[in-house]
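1. need coordinates for the below:
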Amino acid sequence: MFLRLTPKLKRGLGRTESRAVTVQLPLTKLGQRLFAKLGATPGGLPMQVQSSIRDRRGVRIDANFPTVLRGQR
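-> Okay, the predicted model is just below:
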């Protein structure tokens, strides 16, 4: 089962020389509660980030990125 832990974001990447882009994902209230309960474990809170990227020609790529959410130290 998948639960939405972050709000949907729409961001233009613009012209970038770099292939890596960092996007800050805020947590929803549900995400904050789950992270408070499950994020304290050494492994963190496993998440899956869905991304849809479109280029200038209109070609779209949909991808799922598995990641782990950890607290800041």
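2. quick one: contacts for the nearest residue to Ser51 once chain neighbours are set aside?
-> Using C-beta to C-beta, 6 or more residues apart in numbering and skipping residues adjacent in sequence, the residue nearest Ser51 is Ala63, 5.1 Å away. The way it works is simple: take the backbone N, C-alpha and C, and place the C-beta from them, glycine included. By C-beta atoms under 8 Å, 6 or more residues apart in numbering, the contact set of Ala63 is 50-53.
3. let's see 10 Å
-> 49-53 (C-beta atoms under 10 Å, 6 or more residues apart in numbering).
4. now swap in Leu34 and tell me
-> Taking C-beta under 10 Å, 6+ apart as the criterion, Leu34 is in contact with 3, 5, 27-28, 45, 47, 69.
5. do Thr28 as well
-> For Thr28, the contacting residues are 3-7, 34, by C-beta under 10 Å, 6+ apart.
6. tell me which two in these are the farthest apart.
-> The span of those, defined through C-beta to C-beta, is set by Pro7 and Leu34 at 14.8 Å.
7. what residues does Pro26 make contact with?
-> With contacts defined as C-beta under 10 Å, 6+ apart, the neighbours of Pro26 are 5-7, 9, 32.
8. TSV please, covering these and showing secondary structure and distance to Thr22.
-> Below are those laid out as TSV (DSSP: H, G, I helix; E, B strand; the rest coil; distance: C-beta to C-beta, whole Å):
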residue	secondary structure	distance to Thr22
Leu5	coil	18
Thr6	coil	14
Pro7	coil	17
Leu9	coil	12
Gln32	helix	21
